[in-house]
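J.: quick one, structure for this:
(2 chains)
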Amino acid sequence: MTATPALITPETTEAQDRLREVRLAKLEKLKALGVNAYPYKFTTTAKAQQLHDTYKDLAVDTQTTDDVVVAGRIRAYRNDGMFIDLQDVTGKVQIFSHKETLAPGMADILACLDIGDLIGVAGTVRRTKRGELTVNATTITVLAKTLLPLPDKFHGLSDTEARYRQRYLDLIMNEESRNTFRARSAILRAVRETLQGRGFIEVETPMMQVIPGGAAAKPFITHHNALDIDLYMRIAPELYLKRLIVGGLSERVFEVGRNFRNEGLSPKHNPEFTMMECYQAYTDMEGMMELTEAIFEAACTAVNGGVEAQFGEHRLNFKGPWARVRMVDIVKERTGIDFLAISDVKEARAAAKKAGAEITGKELWGQCVEKVFGDLIEPTIVQPTHITHHPRDISPFAKADPKDSRLTERYESFCVGREIANAFSELTDPQDQMARFVDQMKQRESGDDEAQMIDADYVTALEYGLPPTGGLGIGIDRAIMLLTGTETIRDVILFPTLKPVK
RNA sequence: GACUGCGUAGCUCAGCCGGUAGAGCAUCGGACUUUUAAUCCGCAGGUCGUGGGUUCGAUCCCCACCGCAGUCACCA
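T.: Got it, this is the predicted structure:
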């Protein structure tokens, strides 16, 4: 036997090589029988679930004359292939092969099959004495001969590392994993449909940017050879999307796409993650609140059939309107600290520290408020809640609160101690915006490498006029975790970031 | 980045106080045949994550490194 280059796989062990040899021998037998084990096309007439639906009333021990053609992966192979469990995207159906009903030559093919192989089966439908819906095979077509065995048919694949590195095996073996990622798709569709139903148009903005703005985060750096310049992977699409509102491309735009933040990995953080951001002209944060609720209601309904979702012990209800409370008010209510009555920064830091927040001594007034909220209150929020009117210090793109210039028209929505949305009445005043950038630059110079860089062109865009606009961002991965009851972000991202194996 | 835990056959897992490894499933050979994790008999399958060290002897003890997980830090 001659080894082809494709089969030189240094990662496999000798034991794996032996297992492969066995299957290669069967592949050779198939070739000898004139069978192409990797054909080009196959047409089916039914899926497994369709058969179960159609024949749900078929009596036990009953043979029909209905011809069907199915295709899928062999998940179980009993009695030397007499019984096969065939799995397709909808589920499993049993295949029965008997000398008397099998077409000539099929028995030889059957003998060359293994668990894991992809096959097509033509036959008639019956229900066995034991009540199992079954296709009595007449012909069997090899659609792809496998060269490596699947994991344990009963215990499956549970090794977390293997599940992430070889996601295809995880998907073959674990129905829960398949369901989660199908739910992910359904949620994304619901988000898009909700927005499109309201007249938002989907756009795409640069992922490689010269000035990475729109969020407080460390960026990844990459390099463009021809231009010989470094570029940053975007941390947010925000500033580009608002340029589109300035341009009047649409009064309503949204983007669903990847953001990249150079930070640690955790059950809640993956360096690349999916974000939905949308901007709507002529509305403010109130309008965004209603939209936030509508999106979550739709997304939850898409995967759970209603506005409730189970997350751990918590029964979450996404039906709007959600509770809303000002950040300073809930801080005052829970800790007794009335930050609005504190004007001195040192005093604010002392109060925050006394309350139990982690204070380094460099915080601005607004950062003290946020620390207390983030450290002490955020983790306790269970049901969807809008926390509103963030301090101006931590909100460089939000309009000031007309009632108190220390605050802004901004809110973040929280659920089970997690942020699920961030929105505000967008700052549209170019002079105020430039002042905010200058403030950020000062924070940057004093060591905060996550403070915003000045994006002069963005300010120029504002000088051409951004209408009153509401903006909203939703972290899609975390939303999916909540709506599907998933504890770790790696279980909702198909190929999470992992260190390479050396 | 820090701490803790884990890494044993293709998969899922045992392995005592240090004496160079076991099971089930899968594979292979055989038996059986309307099964449901099919059953029965038998064979084979291992650089115990990697590299050092201690020891007469290391899967086990020590050190370093690699990877994964959890917690924290960083971070929305």
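J.: and stretch A:327-342, anywhere near RNA strand B?
T.: No - for a cut-off given as Cβ under 7 Å from any atom of the strand, stretch A:327-342 has no contacts with RNA strand B; the smallest distance is 9.6 Å. Every residue, glycine included, has its C-beta placed from N, CA and C.
J.: report the buried residues of that stretch.
T.: Buried residues in stretch A:327-342, counted by 16 or more other Cβ atoms under 10 Å: A:327-328, A:330-332, A:335, A:337, A:339, A:342.
J.: kindly report the same for stretch A:262-278.
T.: Across stretch A:262-278, burial judged by 16+ other Cβ under 10 Å covers A:268, A:270-278.
J.: and for stretch A:300-312?
T.: For stretch A:300-312, by 16+ other Cβ under 10 Å, it's A:300-304, A:307, A:309, A:311.
J.: what strand or helix carries the residue in the stretch 1-150 of chain A that RNA strand B sits nearest to?
T.: Residue of the stretch 1-150 of chain A nearest RNA strand B, by Cβ to the nearest atom of the strand: residue A:15 (2.4 Å). Taking DSSP states H and E as the definition, one finds residue A:15 inside helix A:14-32.
J.: centre of the chain to that helix, how far?
T.: Mean-position distance between helix A:14-32 and its chain equals 38 Å (Cα atoms, centre = their mean, to the nearest Å).
J.: circling back to that earlier point, pick the one among the buried residues of stretch A:327-342 closest to residue A:56.
T.: residue A:330 (52.7 Å; Cβ to Cβ).
J.: settle this for me: residue A:55 is touching residue A:132, isn't it.
T.: No - with contact defined as Cβ atoms under 8 Å, residue A:55 and residue A:132 do not form a contacting pair (11.1 Å).
J.: can you give me the strands for the stretch 351-500 of chain A?
T.: Here the stretch 351-500 of chain A has its strands, by DSSP state E, counting those that start in this stretch, at A:385-388, A:400-401, A:404-408, A:410-415, A:418-425, A:469-475.
J.: possible to save those strands as TSV with mean pLDDT?
T.: Below are those laid out as TSV (pLDDT from 0 to 100):
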stretch	mean pLDDT
strand A:385-388	96
strand A:400-401	94
strand A:404-408	94
strand A:410-415	94
strand A:418-425	94
strand A:469-475	96
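J.: how about JSON lines for those, with mean neighbour count added?
T.: Shown next, in JSON lines, are the strands of the stretch 351-500 of chain A (neighbours: other Cβ atoms under 10 Å):
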{"stretch": "strand A:385-388", "mean neighbour count": "22"}
{"stretch": "strand A:400-401", "mean neighbour count": "20"}
{"stretch": "strand A:404-408", "mean neighbour count": "18"}
{"stretch": "strand A:410-415", "mean neighbour count": "25"}
{"stretch": "strand A:418-425", "mean neighbour count": "23"}
{"stretch": "strand A:469-475", "mean neighbour count": "25"}
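J.: turn the ones you listed into a markdown table, columns for distance to RNA strand B.
T.: Output for the strands of the stretch 351-500 of chain A, formatted as a markdown table (distance: least, Cβ to the nearest atom of the strand, whole Å):
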| stretch | distance to RNA strand B |
| --- | --- |
| strand A:385-388 | 9 |
| strand A:400-401 | 17 |
| strand A:404-408 | 13 |
| strand A:410-415 | 6 |
| strand A:418-425 | 4 |
| strand A:469-475 | 5 |
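J.: most distant residue from the centre of chain A?
T.: Within chain A, residue A:100 marks the point farthest from the mean C-alpha position, 49.6 Å out by Cα atoms, centre = their mean.
J.: how about the residues of the stretch 251-400 of chain A by RNA strand B?
T.: Within the stretch 251-400 of chain A, the positions near RNA strand B by Cβ under 7 Å from any atom of the strand are A:261, A:263-269, A:358, A:370, A:373-374, A:378.
J.: could you redo the last one with a cut-off of 6 Å?
T.: Residues of the stretch 251-400 of chain A lying near RNA strand B by Cβ under 6 Å from any atom of the strand: A:261, A:263-264, A:266-267, A:269, A:374, A:378.
J.: give me the contact list for whatever helix or strand comes next after the helix holding residue A:15.
T.: Stepping forward along the backbone from helix A:14-32, the first helix or strand reached (DSSP H and E) is helix A:48-54. For helix A:48-54, the surrounding residues in contact (Cβ atoms under 8 Å, 6 or more residues apart in numbering) are A:46, A:68, A:70, A:72, A:86-88, A:90-93, A:125, A:133, A:135.
J.: from residue A:476, how far out is residue A:209?
T.: As judged by Cβ to Cβ, to the nearest Å, residue A:209 and residue A:476 stand 20 Å apart.
J.: before we move on, what about residue A:449?
T.: Counting by Cβ to Cβ, the gap from residue A:449 to residue A:476 is 26 Å.
J.: out of those two, which sits in the busier spot?
T.: Higher neighbour count among residue A:449 and residue A:476: residue A:476, with 21 against 10, using other Cβ atoms under 10 Å.
J.: which one is the more buried one nearest to, not counting chain neighbours?
T.: Closest residue to residue A:476 apart from its sequence neighbours, by Cβ to Cβ, 6 or more residues apart in numbering: residue A:274 at 4.1 Å.
J.: what's the helix or strand for the one you found?
T.: Per DSSP H and E, residue A:274 falls inside strand A:272-281.
J.: restricting to C-alpha, output the very next helix or strand once past that strand in CSV.
T.: Proceeding N to C from strand A:272-281, the next assigned helix or strand is helix A:285-304, under DSSP H and E. Provided in CSV are the C-alpha atoms of helix A:285-304 (Å, rounded to 0.1, in the frame of the first residue of the first chain):
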residue,chain,number,x,y,z
MET,A,285,-31.6,56.4,25.2
GLU,A,286,-35.3,56.0,26.0
GLY,A,287,-35.8,54.7,22.5
MET,A,288,-32.8,52.4,22.9
MET,A,289,-34.2,50.9,26.0
GLU,A,290,-37.4,49.9,24.2
LEU,A,291,-35.3,48.4,21.4
THR,A,292,-33.0,46.5,23.8
GLU,A,293,-36.1,44.9,25.4
ALA,A,294,-37.6,44.1,22.0
ILE,A,295,-34.4,42.4,20.8
PHE,A,296,-34.1,40.3,23.9
GLU,A,297,-37.7,39.3,23.8
ALA,A,298,-37.4,38.2,20.2
ALA,A,299,-34.1,36.4,20.8
CYS,A,300,-35.4,34.6,23.8
THR,A,301,-38.5,33.6,22.1
ALA,A,302,-36.6,32.3,19.1
VAL,A,303,-34.8,29.7,21.3
ASN,A,304,-37.0,29.2,24.3
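J.: elements contacting the helix or strand that comes right after helix A:285-304?
T.: Under the assignment DSSP H and E, the closest C-terminal helix or strand after helix A:285-304 is strand A:308-311. When contacts are defined as 3 or more Cβ pairs under 8 Å, 6 or more residues apart in numbering; DSSP states H and E, strand A:308-311 sits against helix A:285-304, strand A:314-317, helix A:476-484.
J.: mean neighbour count, the ones you listed: which tops it?
T.: Highest mean neighbour count of the helices and strands packed on strand A:308-311: helix A:476-484, a mean of 24 (counted as mean count of other Cβ atoms under 10 Å).
J.: does that helix come close to RNA strand B?
T.: No - applying Cβ under 6 Å from any atom of the strand, one finds helix A:476-484 separated from RNA strand B by no less than 7.5 Å.
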